[in-house]
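**Q** predicted structure and sequence below. I'll ask about it afterward.
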Amino acid sequence: MAVPAVVVLDFETSGLSPAQGDRAIEIGAVLLRGGEVVDQFQSLMNPGFRVSGFIENYTGISNAMLAKAPPCAEVMARFAGFIRDLPLVAHNASFDGRFLAAELQRIGAAPPGRFACTMLNARRIFPGAPNHRLETLVDYLRLPRPEAFHRALADARMAGAVWLRTEAEITARYRIDPVPFEWMRRLGSVPKHRVEAFFQPGPA
DNA sequence: TGCCAGGCCCTCTTTAGGGCCTT
């Protein structure tokens, strides 16, 4: 069975809440198909105001860099074409989902569809990790460390690697096909403490 | 540096509170 493609994305933003006026300042994403990155998207975007010193330090994205970047609307229009109607994945998807929905709404584009969360999956599948921050999971799962953290494309690549490792673990542990969102639906439908009971190994 | 928000999940819970995770 062909494994459907997914887009793993990550936003850098001016803060934590689009409802409080925060905006996206960078988008990074990878298109995964057949367990591999087959395409990618990355762009800074100018939110129209200066970001705080904390955000400059946290992301390494300066106001000077943003001043030269295209506006959010232009970037998000191109990004909407990149994701089309593909299922989406992010680490702490509730965060990226809010910003994606807000930025798409600003340009009159269709809202995002299915959105899976590598953090929630990791909490279920890798409960022994020290914590479930993206950077910690990369080390815990012995995945290649990126050249930078807290930049959109690097974080999207890491989240993609965590996603693939989680799929592989589920496939090996529960012997179900790695069909995105089918196992997500099943996994998300039961409380954490019942996951082991829910997935009974299939016939050898 | 850590607050701002919001969803998930745990527990000394469920008529609630607080930690985690994202920038």
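**A** Thanks, I have the structure now.
**Q** so which residue is smack in the middle of chain A?
**A** What sits nearest the mean C-alpha location of chain A, by C-alpha atoms, centre = their mean, is A:Ala90, with 1.7 Å.
**Q** so that one bridges to which residues?
**A** A:Cys117 (DSSP bridges).
**Q** which intervals of chain A have sub-threshold pLDDT?
**A** A:1-3, A:176-204 (pLDDT under 70).
**Q** and the longest helix for it?
**A** Looking across chain A with DSSP state H, the single longest helix is helix A:152-174.
**Q** can you list the helices and strands that that helix packs against?
**A** Using 3 or more C-beta pairs under 8 Å, 6 or more residues apart in numbering; DSSP states H and E, the elements in contact with helix A:152-174 are strand A:6-13, strand A:24-33, strand A:36-44, strand A:88-90, helix A:118-125, helix A:134-140, helix A:182-188. Where C-beta positions appear, they are placed from N, C-alpha and C, glycine not excepted.
**Q** list the buried ones in that helix?
**A** Within helix A:152-174, the residues scored as buried using 16 or more other C-beta atoms under 10 Å are A:152-167, A:169-170, A:174.
**Q** pull the number of nearby residues for the nearest residue to A:Gly113 once chain neighbours are set aside.
**A** Of all residues not flanking A:Gly113 in the chain, A:Asp85 sits nearest, at 6.1 Å (C-beta to C-beta, 6 or more residues apart in numbering). Look at A:Asp85: counted by other C-beta atoms under 10 Å, it has 9 neighbours.
**Q** before we move on, what SS does A:Asp85 have?
**A** coil (DSSP: H, G, I helix; E, B strand; the rest coil).
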